[in-house]
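Asks: Next one to model:
(4 chains)
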4 protein chains.
Amino acid sequence: MKEECGVAGIILPGDRPQSNTVAFKLYYALYALQHRGQESTGIMVYDGTSSHSIKGMGLVPDVYNKDSLGHLIGNVGVGHVRYSTTGGSKIENCQPFILNFKGGAVAIAHNGNLVNARTLKDELECEGRIFISDSDTEVIGHLLVKELIRHDPIESIRNVMRKLVGSYSLVIHIDGAIYAVRDPLGLKPLCFGKVDCGYAVFSESVALDTLNGTLIRDVRPGEVIVFTGDGFESHQIGNEPHPAHCVFEFIYFARPDSIIDGKLVYKVRENIGRELAREHPVEADVVSPVPDSGITSAIGYARESGTKYLEGLMKNRYIGRTFILPGQELRETAVRLKMNAIQDNVKGKRVVLVDDSIVRGTTSRRIIDMVRRAGASEIHSRVGSPAIIAPCYLGIDMATRQELIASYKTVKEVESLINADSLGYLSIDGLMRALECDRSDMCLGCLTGEYPVEIPGENCIRKQTRLDDFDNKPESP
Amino acid sequence: MKEECGVAGIILPGDRPQSNTVAFKLYYALYALQHRGQESTGIMVYDGTSSHSIKGMGLVPDVYNKDSLGHLIGNVGVGHVRYSTTGGSKIENCQPFILNFKGGAVAIAHNGNLVNARTLKDELECEGRIFISDSDTEVIGHLLVKELIRHDPIESIRNVMRKLVGSYSLVIHIDGAIYAVRDPLGLKPLCFGKVDCGYAVFSESVALDTLNGTLIRDVRPGEVIVFTGDGFESHQIGNEPHPAHCVFEFIYFARPDSIIDGKLVYKVRENIGRELAREHPVEADVVSPVPDSGITSAIGYARESGTKYLEGLMKNRYIGRTFILPGQELRETAVRLKMNAIQDNVKGKRVVLVDDSIVRGTTSRRIIDMVRRAGASEIHSRVGSPAIIAPCYLGIDMATRQELIASYKTVKEVESLINADSLGYLSIDGLMRALECDRSDMCLGCLTGEYPVEIPGENCIRKQTRLDDFDNKPESP
Amino acid sequence: MKEECGVAGIILPGDRPQSNTVAFKLYYALYALQHRGQESTGIMVYDGTSSHSIKGMGLVPDVYNKDSLGHLIGNVGVGHVRYSTTGGSKIENCQPFILNFKGGAVAIAHNGNLVNARTLKDELECEGRIFISDSDTEVIGHLLVKELIRHDPIESIRNVMRKLVGSYSLVIHIDGAIYAVRDPLGLKPLCFGKVDCGYAVFSESVALDTLNGTLIRDVRPGEVIVFTGDGFESHQIGNEPHPAHCVFEFIYFARPDSIIDGKLVYKVRENIGRELAREHPVEADVVSPVPDSGITSAIGYARESGTKYLEGLMKNRYIGRTFILPGQELRETAVRLKMNAIQDNVKGKRVVLVDDSIVRGTTSRRIIDMVRRAGASEIHSRVGSPAIIAPCYLGIDMATRQELIASYKTVKEVESLINADSLGYLSIDGLMRALECDRSDMCLGCLTGEYPVEIPGENCIRKQTRLDDFDNKPESP
Amino acid sequence: MKEECGVAGIILPGDRPQSNTVAFKLYYALYALQHRGQESTGIMVYDGTSSHSIKGMGLVPDVYNKDSLGHLIGNVGVGHVRYSTTGGSKIENCQPFILNFKGGAVAIAHNGNLVNARTLKDELECEGRIFISDSDTEVIGHLLVKELIRHDPIESIRNVMRKLVGSYSLVIHIDGAIYAVRDPLGLKPLCFGKVDCGYAVFSESVALDTLNGTLIRDVRPGEVIVFTGDGFESHQIGNEPHPAHCVFEFIYFARPDSIIDGKLVYKVRENIGRELAREHPVEADVVSPVPDSGITSAIGYARESGTKYLEGLMKNRYIGRTFILPGQELRETAVRLKMNAIQDNVKGKRVVLVDDSIVRGTTSRRIIDMVRRAGASEIHSRVGSPAIIAPCYLGIDMATRQELIASYKTVKEVESLINADSLGYLSIDGLMRALECDRSDMCLGCLTGEYPVEIPGENCIRKQTRLDDFDNKPESP
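Replies: Residues are numbered from 1 along each chain as shown, chains lettered A, B, ... in the order given. Here you go, the predicted model:
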């Protein structure tokens, strides 16, 4: 099941036994990661003997309250925010996945997507195993527990990693310790740092900022870090020659104030704007972002091109849940409610409209129409990513190939469909310059159709090293 | 985990494929069984391909609504209401337990208590199996699926039954068929009947009445009945010489309008009142019930003794959730809110107060004090059951031996503690006369401390026949 | 607007200033009066300077919680529960009606119905006054405040009473004192008593029982009682030669454990059953009530006739909100869900079915059909009130004349319509014997079509004395 | 009572009678005006005979849903969003204020603050009038209805306006027509336009944009516009030589994409940034806004100064309700949750931090500390308004004089308190240049302590013309 998620883990070894500090800190961390998943959320803490948890559908402030968090006693815990478009949203899929087995209580928070989940599930079902949810996390849970009854946690995790194909950034609680696990290609982000007297591991560094923590570094591709009362210990399980970081985290998904794999997302997006200006210059009066995701690139484009930066569109800050109404007229009203063109800023002007990406193209078309009705004389669409031509199988819920506007169309055709006077996508090379890295270190599946892992029916550009060959020497902090 | 529950299953083979009739009928059936569990409820239906479910904490009208039920498409389904005092009440324990495995979707609704759940769970955990909930039902689920991947459903259920010790009335959905399963001693009730074009199986016959159905008969101890599109088929798996029906269902738990194991509960309770009048006659002015559970026995007592039946206590029909307030004064107010003495009906009178049973004795004491303050000159407590002296391990949440007022006290001591002028318990023989059956056919564990199954640290009065020796010839309707 | 309501007022002069005891006591009192109104409820308390209030739609436990009640500081307060079928249920109609005027804060809780509300409203609107709600209470509020700016509270209330025609039992808060007001005919009940260090006034005495208070007496027709820090003082404002107590409170509306106008409702209903047995004897096997309202009369009937009392119908104790489903079949299911026939208790038997009253007749028909299907050989309907032939204009929401089954039909016709083997209504004389009072002291409008106040288009049996002629001498406790 | 509010009115004369289009359009309009009030909201529609309404506490999406809006039938309606810090927030204060009187149904939505509300209320209370709420709107309601029973609506409104002192932008429904009323000084905004086949009047033009409407113009100070089925008609009631538009709407309160009194708010704020750069230049590396309110001015400052625009702070888009936790540490966490410094963008840099205004100064201090901890070498605070030295009595909930940091402190003292390296407020003259208007046309009360209306204990800079002298000639569209 395709899932976008945020994961969190905190351990405060010196905390007094009856404290709920970890629960409150996880709450704040998940709030800071809310952009990674708005459908459900859960927190589990462990008090040395038993685990306590809250799970629910909805946003962080809907699921938790002061009273309920106050009862979550324990100095180590795991949290999760989740969004999924596949299948019905149901409470059974809410993470962290908490399970009891012979050896105690385990909780798993997972961000990513297993490519071989179906195969693994089939094998487990043949053993007579049962599944309660639709999530990949339950598959990982079964595999892990099978190992844990015979091996120590690190050995167990290593054995599980040998079986998994796909993206997985995991925060696992086993018996009072937190394990941070990142797949050998480092597809989805995961970082850790110091918080108070202990440690924390999060999908993005903004959660560390929120807790006034200090970022230590990213969890490395193929690395397992165990956090205990005595500090942390690193185990390099996988050792791929190149990582395959998800490029879309930088383009759109992550918060601009996060540092992912050593790169400030804000900086990358500003660079994207600059590269875009170099690749697709145009004579214009103003550069305007499509808020909020296009803002940083638009600032970069404006600075590089010397064109005036002026906001042509304003976003309603209060838009949350709104219901869909029958009739074309009211549907368009809902769109205008979310975003409004500032007539004076675009009327009679040649506008460069900078957006982060174009997926289906329908929103782009609506926004361009809105700006055109507001009187813009020319609208030049500039897009902070190359054309998205292939689906993501590794954790971003994008669309099917059929739904992607650029899959089977030329740039000229897309330009015409979205009703722009000109359309300029950033090139892959330009994107790499913005990222200041080599394309061999990124996953560009959605831009090229070539994936870093084998996906049935798709091209694979590299062969994953067998995990069996990894060495596994602990590294101390 | 000790659980009181109600179970339900319906199959309407001729129903049109897109119908939600089964879901609505299950809703009404669970409403009729609400007295068996008020903590959580769930419904699962199966449309031939996939299952759809709703689960939630609270009462039936809190969990379901017209819209949500409307989406539950399928012509076969399983439902559950549940109450538990052990451990925190959490969504994970809500039934039916729905699981996916190699062979498809299974749903299990369970009423009862396994005595060997811990042992079975240990064995399963040693195989690396994981547990999400605290309920016995998950144990049954694991055992069942282990069999189902190798055997047909009937063979699988038989093999599972060989492993289970304790009480279990199960309604199981496997692959579009409903299986009704009752433990070899028939501890908890389970009956089935005709509903419209199909069949239904319920904990109590009132649910059949509600659906305008016709009771066929009780599921027999040790029997498995499979309901398919073509009718039903019986398989006698266990064959104990005597059943051990739970006596407390008749004394208190079941609705008076239910017929359980061939006996109308109302009739049993009226008989109890008559027997009580014969065993413990007293010169009095009025016979009054403790409402609602003492009403039927009080009517019987009054008729047998020729004493006037007059309600001395009135119950507030609107009492549902009420919060506990600090301070003795307000706590007593909450008690008076639930029940009020009618001064004119008891003032200056010798009152026989008939209750169904005495567990901890605290409520009895409060009620007797209330009637005394209202001016009764004498209060003679008559109890429609023998003294409860031992805990129940087989499905009724009663109390620990320490909490039971009669465990270590004489009748005189209890009489004094509850402040009654006289106290008369029904004898076990009197109870058997009321039930019109032999004590060898009932479970009297809570009254004698002797249980029909082996319970560590308790006396077992009989040795359970090995299920291996059962024959298994299908019987057609 | 026709309203059924419960009113409450408490003053605890010695209570410490910052206490919320009055609020919690009002909460319990309203819970005890919940049967008088389930649509909305409100509590206002006054702390000597300002008033604090909570209002909401729904049942008492839905509207208040421990936290919110805890903030209601004050040692005097007024509460209300309300049910209305006229017009949409809206928050604006929720009582007590709380208003601010020159002289301070006033709160009014009203039970009853003004016959001349429209006329009074017209007059007030001609003065340019505005109305926020549809309730009669706002009319009373305007009239009262017009007086209060020139007169003292007692004089003001007297002047208002001169204008009001209809039924009104009022609990009014003015400036730290509680005023209990009952219309000159004493149509709706109102009583008061001692609670702790103070006084309380309620629609029914059960609320006093709940608070462990002591009933002092009913508020007399035409009496105003003021409760202050120093005790209470009575002012007889109206002085009708005869009261006109609502007979339907005794027949159906009030709780059986309430004492209204000196009569225990339970006793009246038992007498009703006895009178009914004398007036309409029948050879039968069992006497069964229609629960819950027919229980007490059925007990009386059974005793008087010597016929066996046996419950043929069982009510589901958990029925609260249930939704109406499309289709005849499911609608009937909803009926069976509420009430179930006990087949064994009626099969092959001649059943006397005792109900409190017949309004539209549809429910009676459904119940008789249910008992018939359960196998009763004969069903003799016995009704604890005379035939209801005319609407109530004075506070009970009954039905229009067209909807009343007995308005234009003979007893034989009704008997046939409800499908009974025989039908016996209690005579008015029999009812009076049961009430042990004279028909000149009761309002029998719904039974005779003759009303104690002038109602346009209806007969009036008496001329109301002009309130101007009342003397007004204070009486001390 | 000091209130910040948004008002809305729509009339679609040609709409089919049973339509709920007006209700849905009001819903969208209020959503677009949500920034003007988040505490409560209400909608009333009128179907030619009766009015239908929904009111509730909370945000627009919390109060309304598709079903409830669907029942609001009518082709004319009024809506309101409200925020108040004075007194408890209670349902009684929720607007529009809907009242019934002799002549029919009236609904009033009010934005503003009456300076003489207490005096008017006293007079009305002396007439025996009663008040349900604490809001000024109820005062206006009483005055209006007093007139309406003798005069036509326009005459009535004119007579009411003669009595009101303070700010008031009103949308009033009387008998199927909408009246837009703005006080003679035009303190709070109000504009109207064409929507579909009808007209709409709103606090801000963004609501018109949302409904795809066309702005016609602002309602003029002292103007009453009546919208009926036939179009609209203007009546100039007041005729002050100069308006006194609220300057704070431009500085902070209004949405940047609104056009108020002919000025695009975005443009004013950009100009503010430019003027600020001219008045308070500083050698710096980057210009960063305090999001969201400082963004536009920061863009202007950056452009004028030629300094690089770079976002040093990122706002969490998901922050809504969050609870306050005990302890300094967790309180600071809550602050960081709302806003996060981007270390790379400020580290080692001289930062110009542009905010819209400084009220109490506590937030400014916290933000500057956060940026400093992120490594900024210098922080130069630039504020897009002059120092706020006096309270607002005319509709903006600011603070008391004691709470305002600049009331009794020099700029140097404020600079030191907020821990800035330098602090520059925009001058009043600079603000006027940004607004491109004369200071005699604005209300600068909060900046000068001199108010355009007489306020007890404060300076008044002008004498309001008597409304009696106004001429009143209708102007047609």
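Asks: Nearest to chain D: which residue in the stretch 1-150 of chain A?
Replies: A:Q34 (4.0 Å; Cβ to the nearest Cβ). In this view, the C-beta of every residue, glycine as well, is placed from N, C-alpha and C.
Asks: That residue contacts D:N316, correct?
Replies: Yes: A:Q34 is within contact range of D:N316, at 7.4 Å (criterion: Cβ atoms under 8 Å).
Asks: on contacts alone, who are the packing partners of the helix ranked longest in chain A?
Replies: The longest helix of chain A (DSSP state H) is helix A:265-279. On a contact count with 3 or more Cβ pairs under 8 Å, 6 or more residues apart in numbering or on different chains; DSSP states H and E, helix A:265-279 meets helix A:295-305, strand A:378-383, helix A:428-435, helix D:343-346.
Asks: average pLDDT for the first one?
Replies: For helix A:295-305, the per-residue pLDDT values average out at 97.
Asks: quick one: that helix to chain centroid distance?
Replies: 24 Å (Cα atoms, centre = their mean, to the nearest Å).
Asks: Return the backbone torsion pair for the residue in chain A sticking out farthest from the centre.
Replies: Going by Cα atoms, centre = their mean, the residue of chain A most distant from its centre is A:G348, 39.1 Å out. Taking degrees, to the nearest 10, you get phi 70, psi 10 for the backbone angles of A:G348.
Asks: quick one: it and A:S377 touch, right?
Replies: Yes: between A:G348 and A:S377 there is a contact at 5.6 Å, judged by Cβ under 8 Å.
Asks: Low-confidence ranges, the stretch 251-400 of chain A, go.
Replies: A:320-328 (pLDDT under 70).
Asks: Which residue ranges of it form strands?
Replies: A:259-260, A:263-264, A:286-289, A:308-309, A:313-315, A:339-341, A:350-355, A:378-383 (DSSP state E, counting those that start in this stretch).
Asks: Using PDB, write out the CA atom coordinates for the last one.
Replies: Only the C-alpha atoms of strand A:378-383 are listed here, as PDB (Å, rounded to 0.1, in the frame of the first residue of the first chain):
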ATOM      1  CA  GLU A 378       1.100  36.600 -20.700                       C
ATOM      2  CA  ILE A 379       1.600  33.700 -18.400                       C
ATOM      3  CA  HIS A 380       4.800  31.800 -18.500                       C
ATOM      4  CA  SER A 381       4.700  28.600 -16.500                       C
ATOM      5  CA  ARG A 382       8.100  27.600 -15.000                       C
ATOM      6  CA  VAL A 383       8.200  24.300 -13.200                       C
END
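Asks: That strand pairs with which strands, and in what direction?
Replies: Under the criterion DSSP bridges, strand A:378-383 sits next to strand A:350-355 (parallel), strand A:422-425 (parallel) in its sheet.
Asks: repeat for the fifth one
Replies: Strands adjacent to strand A:313-315 in the sheet, as given by DSSP bridges, are strand A:339-341 (antiparallel).
Asks: any idea which element the residue of chain A found nearest chain C lies in?
Replies: Per Cβ to the nearest Cβ, A:D67 is where chain A lies closest to chain C, at 10.3 Å. Counting by DSSP states H and E, the element that carries A:D67 is helix A:66-70.
Asks: try A:F192
Replies: strand A:191-195.
Asks: what residues does chain A put near chain B?
Replies: A:55, A:91, A:98-102, A:106, A:122, A:125-126, A:128-132, A:141-142, A:145-149 (Cβ under 8 Å from any Cβ of the partner chain).
Asks: so A:G430 makes contact with A:E275?
Replies: Yes: with contacts counted by Cβ under 8 Å, A:G430 reaches A:E275, the gap being 3.9 Å.
Asks: Same drill for the two, tell me which one is more crowded.
Replies: The residue with more neighbours, out of A:G430 and A:E275, is A:E275; 24 against 21, by other Cβ atoms under 10 Å in any protein chain shown.
Asks: Was I right to think the more buried one contacts A:L426?
Replies: Yes: between A:E275 and A:L426 there is a contact under Cβ under 8 Å: 6.0 Å.
Asks: Now list whatever residues contact both of the two.
Replies: A:A434 (Cβ atoms under 8 Å, 6 or more residues apart in numbering or on different chains).
Asks: In the stretch 151-300 of chain A, which residue sits nearest chain B?
Replies: A:S156 (10.5 Å).
Asks: burial of that residue, as a residue count?
Replies: 22.
Asks: what helix or strand is it on?
Replies: With DSSP H and E as the test, A:S156 turns up in helix A:153-163.
Asks: quick one: the helix or strand just after that helix to chain centroid distance?
Replies: The helix or strand immediately downstream of helix A:153-163 is strand A:166-174, counting by DSSP H and E. Relative to the mean C-alpha coordinate of its chain, strand A:166-174 is positioned 14 Å out (Cα atoms, centre = their mean).
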